[in-house]
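[1] attaching a predicted model along with its sequence, questions to come.
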Amino acid sequence: MELKSYQYKVIKDLEKYLDYVQQYKKTDVAFNKFWEDKIGPFNPLTGNGMQPYKNTIPNAAHVCIKVPTAGGKTFIACNALSTIFNAYSSDFPKAVVWLVPWSNLLDQTVANLSNPEHPYRQKLDSLFNHRVEVYQKKDLLQGSNFNPTVVKEQLSIFVMSFSSLRAKNKDDRKVYQENGQLASFATQYKNKNHLLEDTDDTALINVIRSLNPVLVVDESHNAESNLSVEMLNALNPSFVLDLTATPKDNSNIITLVPAIELKKEHMVKLPVIVYNHHDKTEVINNALHLQRKLEVLADEQEKKGGKYIRPIVLFQAQSKTSDDNTTFEN
């Protein structure tokens with residue numbers, strides 16, 4: 001499986017930004033100069049140009065790849081890891097924390113990145129000479145094939161959920177607890193500057209911090225709250241790569257893929273029809289009417305001997321963070 005033309009452009013944009021970082025030594029200067037050279041300086045009055053860099057993760061380059069849904073964000077990220085690590089010293093540990101917002105996406109990501117028959121893993125094996133290991137949180141806590149020696153010799157991907165690092169319940173707090181299984185890492189620390197206050201040297205969070213990992217934040221629009229930014233900073237990353245189709249205002253977009261590019265590459269195989277409505281009620285009513293219209297057509301097709309195809313409507317509910325949100329109950 002090879003990169004589509006628009007995916008290749010995404011990787012080249014990332015590569016160019018990393019060149020700017022090497023040249024200007026500061027992530028914010030590099031980002032601003034990257035876009036200024038590309039489309040001109042930002043004009044706050046007209047909105048022309050790219051907004052200046054937002055330094056939400058102070059000690060790391062933090063950029064966002066904006067790719068429409070079904071655009072192959074995960075495959076892009078697999079290729080991007082090679083580009084990112086090639087910009088670092090060869091002695092730098094190739095440690096990646098791959099963050100996902102939901103447990104079902106975590107299981108899917110682990111399965112795809114671990115399966116030697118899957119295109120994602122095949123690409124990683126090709127890029128990193130088959131020296132790739134994928135871990136879940138339980139593997140890391142148990143020290144299963146996870147020690148300073150193997151981490152130096154391979155690409156290590158730690159697939160974790162956002163919630164597993166927010167330490168709200170007893171099980172999740174294990175990340176912050178003393179762990180004798182990881183004592184070998186503590187003996188290898190060059191110094192203790194990275195250690196979190198009131199957290200044991202052997203805690204998994206401190207082991208991860210010592211590796212200055214690259215973060216891949218899947219569906220990153222779900223990780224923009226103050227708590228989520230605190231979570232990202234707690235990992236002590238060297239680089240943060242956001243993946244989303246809908247970036248938030250504080251995202252540092254390094255490359256954008258228009259939806260038309262997916263159509264050109266036949267990634268979207270059916271017609272996409274878009275309507276612009278005035279309010280949510282109108283959207284819902286029109287969606288339900290369209291579903292009913294398609295259902296009538298499907299019934300007629302079945303009566304003529306065709307296969308019945310059930311038309312459905314999908315609504316994405318908002319979280320309960322605000323009284324105005326369209327929650328599941330609403």
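    Done, it's in.

[2] mind checking the pLDDT average for the longest helix that the chain contains?
    Of all the segments of type helix in the chain, defined by DSSP state H, the longest one is helix 280-303. For helix 280-303, mean pLDDT rounds to 93.

[3] and the contacts of that helix?
    With contact meaning C-beta atoms under 8 Å, 6 or more residues apart in numbering, helix 280-303 is reached by 275, 277, 307-313, 315, 326. In short, each C-beta sits where N, CA and C put it, glycine included.

[4] rerun at 7 Å
    The contact list for helix 280-303, computed with C-beta atoms under 7 Å, 6 or more residues apart in numbering, reads 275, 277, 308-313, 326.

[5] what of stretch 313-324?
    Identification of contacts with stretch 313-324 by C-beta under 7 Å, 6+ apart yields 287-288, 291, 325-328.

[6] and residue 18, how many neighbours?
    For residue 18, the neighbour count with other C-beta atoms under 10 Å is 21.

[7] just for the stretch 201-330 of the chain, where's the confidence low?
    Residue ranges of the stretch 201-330 of the chain with pLDDT under 70: 224, 227, 269-270.

[8] what ranges do the strands span in it?
    Applying DSSP state E, counting those that start in this stretch to the stretch 201-330 of the chain gives strands spanning 214-218, 239-244, 253-256.

[9] in the last one, what's buried?
    If I follow you right, that is strand 253-256. Neighbour-count burial for strand 253-256 flags 253-255 (criterion: 16 or more other C-beta atoms under 10 Å).

[10] stretch 14-23 too?
    14, 17-18, 20-21.

[11] just how off-centre is it within its chain?
    A distance of 20 Å separates the centroid of the chain from that of stretch 14-23, by C-alpha atoms, centre = their mean, to the nearest Å.

[12] who touches it?
    With contacts defined as C-beta under 7 Å, 6+ apart, stretch 14-23 is touched by 27, 30-31, 33-34, 61, 63, 80, 83, 87, 254-255.

[13] can you do 6 Å?
    Contact with stretch 14-23 is made by 30, 33-34, 80, 83, 87, 254, as judged by C-beta atoms under 6 Å, 6 or more residues apart in numbering.

[14] assumed residue 141 was part of a strand.
    No: per DSSP: H, G, I helix; E, B strand; the rest coil, residue 141 lies outside any strand segment and is helix.

[15] which residues does it contact?
    Contact analysis of residue 141 by C-beta under 6 Å, 6+ apart lists 174, 204.

[16] tell me the pLDDT at it?
    93.

[17] can you give me the helices for the stretch 51-200 of the chain?
    Secondary structure of the stretch 51-200 of the chain (DSSP state H, counting those that start in this stretch): helices at 73-86, 103-114, 119-127, 137-142, 148-153, 183-186.

[18] what angle do the longest one and helix 119-127 make?
    Pointing back at helix 73-86 there. Angle of helix 73-86 versus helix 119-127, following axes from the mean of the first three to the mean of the last three C-alpha atoms, to 10 degrees, is 20 degrees.

[19] who are the packing partners of helix 73-86?
    Helix 73-86 sits against helix 5-24, helix 119-127, strand 239-244, with contacts defined as 3 or more C-beta pairs under 6 Å, 6 or more residues apart in numbering; DSSP states H and E.

[20] centre of the chain versus that helix, how much separation?
    Distance of helix 73-86 from its chain centroid, counting by C-alpha atoms, centre = their mean, is 11 Å.

[21] circling back: and the helices and strands packed on helix 73-86: which comes nearest residue 196?
    Between residue 196 and those, the shortest separation by C-beta to C-beta is 18.3 Å, and it involves strand 239-244.

[22] if you count neighbours, what's buried in the closest one?
    239-244.

[23] domains in this protein, by residue range?
    Per the record, the chain has its domains at 5-263, 275-330, by automatic domain parsing.

[24] most tightly surrounded among those?
    Highest mean neighbour count of the domains of the chain: domain 5-263, a mean of 17 (counted as mean count of other C-beta atoms under 10 Å).

[25] tell me how far the ends of that one are from each other?
    Counting by C-alpha to C-alpha, to the nearest Å, you get 12 Å between the two ends of domain 5-263.

[26] with stretch 122-135 instead?
    Start and end residues of stretch 122-135 are separated by 17 Å (C-alpha to C-alpha).

[27] avg pLDDT for that stretch?
    For stretch 122-135, the mean per-residue pLDDT is 96.
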